[in-house]
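S.K.: no sequence on this one, just coordinates:
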């Protein structure tokens, strides 16, 4: 998965609706392009001057928009604070009696929380979905306030991007689709969230207003559009110039801060409305004892802080050495060296962390090309777990490599020489992205009106390719649909087992699908009308798997599955009656009164 795709998917899973992605899209795009810039190879790439110019303009527009978001942050905070005051005055505590997150863990089992019945689990999932919809409305209000100062910048960005063209029409279309979706996510839409929440509370937290259900449908439509837009990473790879993305990359951390402010505002409002807000345990900041820059130009920070518990109960102080975005943490005790020797290769850098004698003031590092680098040793006082001294340095691989270090006292006299055995051939490894092949095998619609698509994916794993089926119904809200486990009657040589996607809205349905490997065989499922034969669809050759897809959509969960040979002999039979009863009871609980 690309950097952009993972960031967007994580945001969906955290908040359950796509408006939470809006502030993260420029950051995700620039992060993805930063990642592929490391892979880009201009020589031999089929890129026209128009392609490169359009890509450069695209990156510049992203940069300009990110700058606008950052510069508009003070006005955004004022607008969000005003919204918080207004909502707090209008509907503070309105959700204090709502089912909280603990009640939604319907299928977890422990002595303190007995397993819920299928119907009770359905009721809990319904409440969770309804609360997620209302929180979506709440966040839409937050984003409308947060984005108001940036509307002109958003319009300018969209106008600039939609004028761009590439020699590949697919790139041009994807850019326009992504931009249209992005602008729609930032449209200042603000549902009447207090009225909707009061109505839900008045119903005993059972029923949403029609306005909330309409909002939910609109957001699901946005999610379907988000899924439909493709990733530009690979397509833009030949056109990216490293120099063009440096400024955009430099904004990443600042943009993360601006993006998170809306999420923090949402958490604060949740508390105002009476919902449980889980705060992370407070952490005490460490004491910085040294900052500097290594020979490789990389910044480092040495700090000592209280124990986090990861190093056992006997740890009193934890020493952290941070290089850029990575860090090494170890436990130290008074007067003892935290590490005797450490020379490692990471991301093409030879990083050195060595505890040296207390009398050492400076360290001379001799390199394989005959040159040397002299820098000071870091002192850690007794109050922070010392006294001890530490030498920190980093070199760009693969050469020259460090050969030895000489410990020097205050008068630059040698105290000792330590031979180093640094790893050779330390170069930045470019991760090879596995080639995933995904094809939509069949589209369909249930009798309840739910559209679906069954997709196949071929993914390389060590030693072989792995084929998987998945279903996309566009129903992403909590509890809809309920993906089922594969049936237990799978026999790999005959049948890879059935999978189920069951849902309850607008009424109960189940989609049954699987991979049938035996030539001429058929799969039948027992429904209220008797045994029904599943449809067969050929698997696209690009997915490199044998067998056919079998599938069917039904109004109730099947009570039995039977696989028969071409001659009518039963190859597999599985009883699903208990699962069918549980699914029906679940939907009874999930339905709104």
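M.R.: Cool, the structure landed. These numbers were taken from a predicted model, which means no experiment stands behind them. Residues are numbered from 1 along each chain as shown.

S.K.: bridged to residue 573, which residues?
M.R.: Counting by DSSP bridges, residue 573 is bridged to residue 562.

S.K.: that one and residue 122: what is the separation?
M.R.: According to CB to CB, to the nearest Å, residue 573 and residue 122 sit 29 Å apart. Where C-beta positions appear, they are placed from N, C-alpha and C, glycine not excepted.

S.K.: the two - which one has more neighbours?
M.R.: Neighbour count, other CB atoms under 10 Å: between residue 573 and residue 122, residue 122 has more, with 25 against 12.

S.K.: is that one in a helix, a strand, or coil?
M.R.: helix (DSSP: H, G, I helix; E, B strand; the rest coil).

S.K.: cool, residue 214 as well?
M.R.: helix.

S.K.: neighbours of it, how many?
M.R.: 12.

S.K.: just residue 445 next, same as before
M.R.: Counted with other CB under 10 Å, residue 445 comes out at 11.

S.K.: wait, it touches residue 451, no?
M.R.: Yes. With contact defined as CB atoms under 8 Å, residue 445 counts as touching residue 451 (4.9 Å).

S.K.: so residue 532 is in contact with residue 525, correct?
M.R.: Yes. Between residue 532 and residue 525 there is a contact under CB under 8 Å: 5.8 Å.

S.K.: where does the prediction get shaky in the stretch 51-200 of the chain?
M.R.: Along the stretch 51-200 of the chain, the parts satisfying pLDDT under 70 run over 100-114, 185-190.

S.K.: what segments of it are helices?
M.R.: For the stretch 51-200 of the chain, the helices defined by DSSP state H, counting those that start in this stretch occupy 73-91, 101-104, 118-147, 151-162, 169-185, 193-202.

S.K.: of those helices, which is nearest residue 315?
M.R.: Evaluated with CB to CB, those place helix 101-104 nearest to residue 315, the distance being 32.4 Å.

S.K.: need the contact partners of stretch 354-369.
M.R.: Here stretch 354-369 makes contact (CB atoms under 8 Å, 6 or more residues apart in numbering) with 295, 337-343, 352, 372-377, 387-391, 393, 395, 399-410, 412, 415-416, 418.

S.K.: hang on, the earlier thing: need the residues touching each of residue 532 and residue 525.
M.R.: 552, 554.

S.K.: the two: who's more crowded?
M.R.: Between residue 532 and residue 525, counting by other CB under 10 Å, residue 525 is the more crowded of the two (22 against 16).

S.K.: against which helices or strands is the helix or strand where that one lies packed?
M.R.: Per DSSP states H and E, residue 525 falls inside strand 522-527. Contacts defined by 3 or more CB pairs under 8 Å, 6 or more residues apart in numbering; DSSP states H and E place strand 522-527 against strand 509-516, strand 530-533, strand 548-554, strand 560-564.

S.K.: what segments of the stretch 301-450 of the chain are strands?
M.R.: All strands of the stretch 301-450 of the chain, identified by DSSP state E, counting those that start in this stretch, fall at 317-323, 326-332, 342-346, 349-356, 362-367, 372-376, 378-380, 388-396, 402-408, 414-419, 437-445.

S.K.: now for the third one, which elements pack on it?
M.R.: Secondary-structure packing of strand 342-346 (3+ CB pairs under 8 Å, 6+ apart): strand 349-356.

S.K.: which strand residues bridge residue 417?
M.R.: Applying DSSP bridges, one finds that residue 417 bridges with residue 406.

S.K.: what about it, how many residues nearby?
M.R.: Quick note: residue 417 (other CB under 10 Å) scores 11 neighbours.

S.K.: wait, it sits on residue 405?
M.R.: Yes. Judged on CB under 8 Å, residue 417 makes contact with residue 405 at a distance of 7.3 Å.

S.K.: from residue 139, how far off is residue 264?
M.R.: 12 Å.

S.K.: hmm, I typed the wrong one, I wanted residue 347.
M.R.: Distance, residue 347 to residue 139, by CB to CB: 36 Å.

S.K.: the two: which is more packed in?
M.R.: residue 139 (24 against 15).

S.K.: which of the helices and strands packed on strand 522-527 sits most buried?
M.R.: strand 509-516 (a mean of 24; mean count of other CB atoms under 10 Å).

S.K.: partner strands of it, with direction?
M.R.: strand 495-503 (antiparallel), strand 548-554 (antiparallel).

S.K.: tell me the mean pLDDT for it?
M.R.: Averaged across strand 509-516, the pLDDT comes to 92.

S.K.: what angle do that strand and strand 522-527 make?
M.R.: Angle of strand 509-516 versus strand 522-527, following axes from the mean of the first three to the mean of the last three CA atoms, to 10 degrees, is 160 degrees.

S.K.: roughly how far is strand 509-516 from the heart of the chain?
M.R.: Relative to the centre of its chain, strand 509-516 is centred 28 Å away, using CA atoms, centre = their mean, to the nearest Å.

S.K.: what of stretch 51-61?
M.R.: Counting by CA atoms, centre = their mean, stretch 51-61 is centred 26 Å from the centre of its parent chain.
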